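A.B. asks: Pasting the sequence and the predicted model now:
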Amino acid sequence: MKKQYTPFKFFNSLVAQLQNSRIVTSPSLIKAFGIFGVVNFAVFYLLWNYIFQQEYNGFYPRLMAFAFCLPLTIINYWPEKIKPYISAYWYLAILYCLPVFGVYMFLENHESSTWHTNVLLGIFWLVLVTDWLSFVIILPAGIVVGWLAHYLIKGSVQLDLESLSGPLMNYAWAIVIAAVFSHRKELIRYEERIDSIKMLAGAIAHELRTPLASISMMSTNLKKSLTRLFESQENQGSTEPDKALMSMPERLNSTAKNAFTIIDMVLMNLKDVSGQDVSKIISMEYYVRETLADYPLTETEKSLINFNPTTDFEFKGDETLFKHVLFNLLKNALHYVKASGKGEITITLKPGRYENQLIFKDTGKGMPESMVPHIFDRFYSRTQHGTGIGLAFCKSVMSKFKGSIACESIENVHTTFILSFPVVTEFEKAVAA
């Protein structure tokens, strides 16, 4: 059946794509904007109408802005069914309440000095509540919509361009300043978030390593004790040892090893790879096998992985970084194969004349086409438990290797990652040797 999209659902989808690589606006900020907007549009209507005389007070435009802001004040109490549309509603609200409303009122009041100031305030207000990409999209869209609304209602728009030349320069400069500082604000928040995650990850890793090491040691001792016990019972003519009980220490050890691997992976994903030495010549087949041996796979998981290369190639890189790239791909693929209840993982080596490729494919859950362009962005995650740093790390490492990583996916069919490496020349091999 063909999917049907209402205009609001289409806008919500567009907003979701816009926000995919952005830091999501917090509910507290949305609520604060709603409260401030409700007060602002109500109070200033009364001020302009009864105290300070203004040519056009805009009862209906203000009423509409008030109506947009009112639901934002109770955002925490929205029904669960409509919460997925919060982002779309938020963008519609700031689009109307800031640029659209400001431009419309500016034109209705014949470019008065008061509304010159209000427009500038609206620009800086927009900076405070959006990231830089949203800002550069919403502002021009709002200007166009505000101008069109005035044109359609009044039938014509007459502007004194000569008197507007000075204010227009101020607007242009304000937009430049706003865009620069909005982008800088986002970078600062991004850096603060990275630092916070690093500190938290380091603290958790430190606290977990000691008990995990103890569990691993105790499982080894338990296995020795059980072996001696069952050997003693066999010598006395007792029944055969319980296989499930005998395998338990090994399973405990495997679980501890798995936890160690995840901790190492998270810490490595947060590492800055810019200073790493990537000059070593590495055999791809050898290190794929090494990685599969080091990753704590269960027997069932091992059966899902197909890696039988008929050829090999070399690349310049770093073993540890490359291992964690494959660790991330393995972790994600195994998760989605299990989640879909079907599929397998195939790793293929494809040498070429100008570049060599490692093709990592799983036939599990796949992903929607709209997600594919964003999966390498930091903090973008498809799951609630994900951090959104693993694939971003993979992209950084491949860039460090002078290569690239790309993704192709069809929902419910497959997800394929293509890792491309530059061909190692004979001269590079001679230098490395």
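C.D. replies: Received it, and whenever you're ready, just let me know what you need.

A.B. asks: residues contacting the closest residue in space to residue 414 that isn't next to it in sequence?
C.D. replies: Distances taken as C-beta to C-beta, 6 or more residues apart in numbering place residue 363 nearest to residue 414, at 4.8 Å, with adjacent residues excluded. The C-beta positions use only the backbone N, C-alpha and C, and glycine is treated the same way. Counting by C-beta atoms under 8 Å, 6 or more residues apart in numbering, residue 363 makes contact with 337, 342, 343, 344, 346, 413, 414.

A.B. asks: switch to 10 Å and redo it
C.D. replies: 304, 333, 336-337, 340, 342-346, 410, 412-416 (C-beta atoms under 10 Å, 6 or more residues apart in numbering).

A.B. asks: which of those count as buried?
C.D. replies: The neighbour-count test (16 or more other C-beta atoms under 10 Å) marks 304, 333, 336, 337, 343, 345, 346, 414, 415, 416 as buried among the contacts of residue 363.

A.B. asks: Need the nearest residue in space to the second one, chain neighbours excluded.
C.D. replies: Residue nearest to residue 333 in three dimensions, not counting chain neighbours: residue 362, with 3.9 Å by C-beta to C-beta, 6+ apart.

A.B. asks: Could I get the contacting residues of that neighbour?
C.D. replies: Each residue near residue 362 by C-beta under 10 Å, 6+ apart is listed here: 304-305, 329-330, 332-337, 340, 343-347, 409, 414-417.

A.B. asks: Among those residues, which ones are in helices?
C.D. replies: The helices, defined by DSSP state H, take in 304, 329, 330, 332, 333, 334, 335, 336, 337, 340 from the contacts of residue 362.

A.B. asks: What is the neighbour count of the fourth one?
C.D. replies: This means residue 332. Residues contacting residue 332 under the criterion other C-beta atoms under 10 Å number 22.

A.B. asks: Might one say that it is in contact with residue 417?
C.D. replies: Yes: assessed by C-beta atoms under 10 Å, residue 332 is found in contact with residue 417 at 9.0 Å.

A.B. asks: between the two, what contacts are shared?
C.D. replies: Common contacts of residue 332 and residue 417, defined by C-beta under 10 Å, 6+ apart, comprise 360, 362, 375, 391, 394.

A.B. asks: thinking again about what came up before, any idea what the residue nearest to residue 333 is bridged to?
C.D. replies: residue 345, residue 415 (DSSP bridges).

A.B. asks: same question, residue 306
C.D. replies: Note on residue 306: beta-bridge partners by DSSP bridges are residue 346.

A.B. asks: Now for it: which residues touch it?
C.D. replies: Residue 306 is in contact with 344, 345, 346, 347, 348, 361, counting by C-beta under 10 Å, 6+ apart.

A.B. asks: Out of those residues, which is nearest to residue 66?
C.D. replies: Residue 66 lies nearest to residue 361 out of those, by C-beta to C-beta, at 53.5 Å.

A.B. asks: Tell me how far the closest one lies from residue 83.
C.D. replies: Residue 361 sits 35 Å away from residue 83 when distances are taken as C-beta to C-beta, to the nearest Å.

A.B. asks: Could you dump the ones in helices among the contacts of residue 362 into TSV and include distance to residue 134?
C.D. replies: Output for those, formatted as TSV (distance: C-beta to C-beta, whole Å):
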residue	distance to residue 134
304	41
329	31
330	35
332	29
333	33
334	35
335	31
336	30
337	36
340	34
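
A.B. asks: Dump those residues to CSV, plus distance to residue 92 and pLDDT.
C.D. replies: Formatted as CSV, the ones in helices among the contacts of residue 362 follow (distance: C-beta to C-beta, whole Å; pLDDT from 0 to 100):
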residue, distance to residue 92, pLDDT
304, 45, 94
329, 38, 93
330, 41, 92
332, 34, 89
333, 38, 92
334, 40, 91
335, 35, 88
336, 33, 89
337, 39, 91
340, 35, 88
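
A.B. asks: Return the closest of those residues with respect to residue 311.
C.D. replies: Distances from residue 311 to the ones in helices among the contacts of residue 362, taken as C-beta to C-beta, are shortest for residue 329 (20.4 Å).

A.B. asks: Apart from its chain neighbours, what residue comes closest to that closest one?
C.D. replies: Nearest to residue 329 is residue 360, by C-beta to C-beta, 6+ apart, at 5.0 Å.

A.B. asks: Am I right that the one you found falls within a strand?
C.D. replies: Yes: Residue 360: assigned to a strand according to DSSP: H, G, I helix; E, B strand; the rest coil.

A.B. asks: That one and residue 347 touch, don't they?
C.D. replies: Yes: using C-beta under 10 Å, residue 360 is in contact with residue 347, at 5.6 Å.

A.B. asks: Could you tell me which residues touch both of these two?
C.D. replies: Shared contacts of residue 360 and residue 347, defined by C-beta under 10 Å, 6+ apart, comprise 288, 307, 326, 329, 330, 333, 417.

A.B. asks: just the buried members of those residues?
C.D. replies: Buried members of the shared contacts of residue 360 and residue 347, scored by 16+ other C-beta under 10 Å, are 288, 326, 329, 330, 333, 417.

A.B. asks: what's the spacing between the first one and residue 345?
C.D. replies: Okay, so that is residue 288. 12 Å.

A.B. asks: okay, and the common contacts of these two?
C.D. replies: With C-beta under 10 Å, 6+ apart, residue 288 and residue 345 have common neighbours 307, 360.

A.B. asks: tell me the domain ranges of this protein?
C.D. replies: 7-159, 198-269, 280-432 (automatic domain parsing).

A.B. asks: rank those domains by pLDDT, which is bottom?
C.D. replies: Lowest mean pLDDT within these: domain 198-269, a mean of 65.

A.B. asks: Can you list the residue ranges for strands in the stretch 301-433 of the chain?
C.D. replies: Remark: strands assigned in the stretch 301-433 of the chain by DSSP state E, counting those that start in this stretch are 305-306, 314-317, 345-350, 355-362, 404-410, 414-422.

A.B. asks: and the last one, what other elements does it pack with?
C.D. replies: What it means is strand 414-422. With contacts defined as 3 or more C-beta pairs under 10 Å, 6 or more residues apart in numbering; DSSP states H and E, strand 414-422 has these neighbours: strand 314-317, helix 319-340, strand 345-350, strand 355-362, helix 390-400, strand 404-410.

A.B. asks: Can you tell me which of those is nearest to residue 129?
C.D. replies: Per C-beta to C-beta, nearest to residue 129 of the helices and strands packed on strand 414-422: helix 390-400, 25.8 Å.

A.B. asks: Against which helices or strands is the closest one packed?
C.D. replies: Secondary-structure packing of helix 390-400 (3+ C-beta pairs under 10 Å, 6+ apart): helix 243-269, strand 314-317, helix 319-340, strand 404-410, strand 414-422.

A.B. asks: If we use 8 Å, what do you get?
C.D. replies: Secondary-structure packing of helix 390-400 (3 or more C-beta pairs under 8 Å, 6 or more residues apart in numbering; DSSP states H and E): helix 243-269, helix 319-340, strand 404-410.
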